[in-house]
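Novice: make a model of this:
(2 chains)
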Amino acid sequence: MTNQNFDIHLDGLVRSALVPKGYRPIKNSDIEKLLDTIEEEPISEEKKQRMLRKIRGQEPVFQDRTYPESIITTDLTAQEKEFVTLHRAKNRPLPPDLAAKLKEMEKRASKKPKSGEDTHGV
Amino acid sequence: MDNIVIEKDNLMDKWQEDVTLKLWADDESAILDILSKFAIPLEKTLSLRYSSLQHADAEDVVAIAIMKFWYWRQQYDPDKSSIQTVLYRIAHNVALEWVSGRRNWQKAKLYEKGVDPEELEKFQSSITEDKESGKQSKEHIQLLRALNQVISTLPPLHQDIWQAFAEADNYKLNAAKLGAELGHKHNEGVPIPGTTIRGYKSRSKGVIVKEMKKKGFDLKKLGYIND
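Specialist: The predicted structure is shown next:
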């Protein structure tokens, strides 16, 4: 049994404590009363059109607003992209240029190093 | 004053009737009517209920609710519930899934056409009984006030954790997603692991129980905790 099961009743009590009953309507009449208490405010044309686009599926919703874009997206270097392609390829044919590069690297790796030659890296 | 209320009710009835007819006639101008009338009130009521719901998210919730209502329009029965109560219930359900961390599910389901009519039928079933109303005794109100005070003394991160679990209602809250959000707010953008979130909650639960006992409320005896 997880902690969450033990806390269900306490979570409910906390909800009652933190959210006033008036903001948690259950009956239809209470919902209508709550909505009635909200002062009427005209909706701007910009907001109207934006919401219409969301309703029609023409604009995404629930964009990840937790992190700024610089954290979410990364630009790979050309070499990093090649490694990614190699990793994803696994037992499948590689693009010709990458296959040629890989062959070249394997050829170099199979040669015995001469004394003093740098053997670091592939 | 009574005449103003009666006139307002009559206007609302007329609005309901007009928009209902438009919905049944597949007239998309009904969406604009609903948006103009209820988008902002719905966003505001949802924000009051779910403090973790940001303004932009509240707009998305309401947009999805209107979209679902539109897809379901032919089954709408004005004799069971008003448009605003159905919309509120749908929006509340969407918000609940959002705050409990199911946003990925929502993204996948969002553009599914033909929303399950059984799922949406429950939103227009008239509810006339509030089971909680019997619990609002003077003692219960004092209990809630004391609990509110105790929670307000917890560290801000712990308060947000309790708020999130409370808002998730009966949904299983995604602690990892909550940790990511709270990490942004409290941990300089570094996500807090889900296990840590649960650990903090468990630890502060002990504090809550102890402090509430000092105030004269034994939460175990009252049946709110099992361990």
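Novice: tally up the residues packed near residue 22, please.
Specialist: Since you didn't name a chain, this refers to chain A. 13 (other CB atoms under 10 Å in any protein chain shown). Every C-beta, even on glycine, is put in place using the N, C-alpha and C of the backbone.
Novice: switch to chain B, that's the one I care about
Specialist: Residue B:22 - counted by other CB under 10 Å - has 18 other residues nearby.
Novice: you'd agree it is up against residue B:31?
Specialist: No: between residue B:22 and residue B:31 no contact is recorded; they are 9.0 Å apart, counting by CB atoms under 8 Å.
Novice: ok, which stretches of the chain are helices?
Specialist: Looking at chain A here, since you left the chain open. A:3-18, A:28-37, A:45-55, A:69-72, A:78-89, A:96-110 (DSSP state H).
Novice: switch to chain B, that's the one I care about
Specialist: Listed in chain order, the helices of chain B (DSSP H) span B:2-24, B:29-49, B:55-71, B:83-99, B:103-110, B:117-124, B:138-152, B:156-167, B:175-186, B:194-214.
Novice: make a markdown table from those helices and add mean pLDDT to it.
Specialist: Below are the helices of chain B laid out as a markdown table (pLDDT from 0 to 100):
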| stretch | mean pLDDT |
| --- | --- |
| helix B:2-24 | 83 |
| helix B:29-49 | 93 |
| helix B:55-71 | 91 |
| helix B:83-99 | 89 |
| helix B:103-110 | 51 |
| helix B:117-124 | 70 |
| helix B:138-152 | 92 |
| helix B:156-167 | 90 |
| helix B:175-186 | 86 |
| helix B:194-214 | 94 |
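Novice: on that earlier part again, weakest of the helices of chain A by average pLDDT?
Specialist: With a mean of 41, helix A:69-72 has the lowest mean pLDDT of those.
Novice: residue B:141 and residue A:17: what is the separation?
Specialist: 10 Å (CB to CB, to the nearest Å).
Novice: before we move on, back to that, please identify the deepest-packed of the helices of chain B.
Specialist: Neighbour counts averaged per stretch over these are highest for helix B:83-99, at a mean of 24; criterion: mean count of other CB atoms under 10 Å in any protein chain shown.
Novice: using PDB, write out every CA atom in that helix.
Specialist: These are the backbone C-alpha positions of helix B:83-99, laid out as PDB (Å, rounded to 0.1, in the frame of the first residue of the first chain):
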ATOM      1  CA  ILE B  83     -25.300  25.100 -20.400                       C
ATOM      2  CA  GLN B  84     -23.100  26.800 -17.700                       C
ATOM      3  CA  THR B  85     -23.400  23.900 -15.200                       C
ATOM      4  CA  VAL B  86     -22.500  21.300 -17.800                       C
ATOM      5  CA  LEU B  87     -19.600  23.400 -19.000                       C
ATOM      6  CA  TYR B  88     -18.400  23.900 -15.400                       C
ATOM      7  CA  ARG B  89     -18.500  20.200 -14.700                       C
ATOM      8  CA  ILE B  90     -16.600  19.400 -17.900                       C
ATOM      9  CA  ALA B  91     -14.100  22.100 -17.300                       C
ATOM     10  CA  HIS B  92     -13.600  21.000 -13.700                       C
ATOM     11  CA  ASN B  93     -12.900  17.400 -14.900                       C
ATOM     12  CA  VAL B  94     -10.400  18.700 -17.400                       C
ATOM     13  CA  ALA B  95      -8.700  20.900 -14.800                       C
ATOM     14  CA  LEU B  96      -8.600  18.000 -12.400                       C
ATOM     15  CA  GLU B  97      -6.800  15.800 -14.900                       C
ATOM     16  CA  TRP B  98      -4.400  18.700 -15.700                       C
ATOM     17  CA  VAL B  99      -3.400  19.500 -12.100                       C
END
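Novice: right, and the helices of chain A - which one's nearest residue B:167?
Specialist: helix A:3-18 (6.9 Å; CB to CB).
Novice: buried ones in the closest one?
Specialist: Buried residues in helix A:3-18, counted by 16 or more other CB atoms under 10 Å in any protein chain shown: A:7, A:10-18.
Novice: just to revisit the earlier point, for residue B:73, find the nearest of the helices of chain A.
Specialist: Taking CB to CB, helix A:45-55 is the member of the helices of chain A nearest to residue B:73, at 12.6 Å.
Novice: what's in contact with that closest one?
Specialist: A:59-61, B:31-32, B:35-36, B:39, B:59-60, B:62-64, B:66-67, B:70 (CB atoms under 8 Å, 6 or more residues apart in numbering or on different chains).
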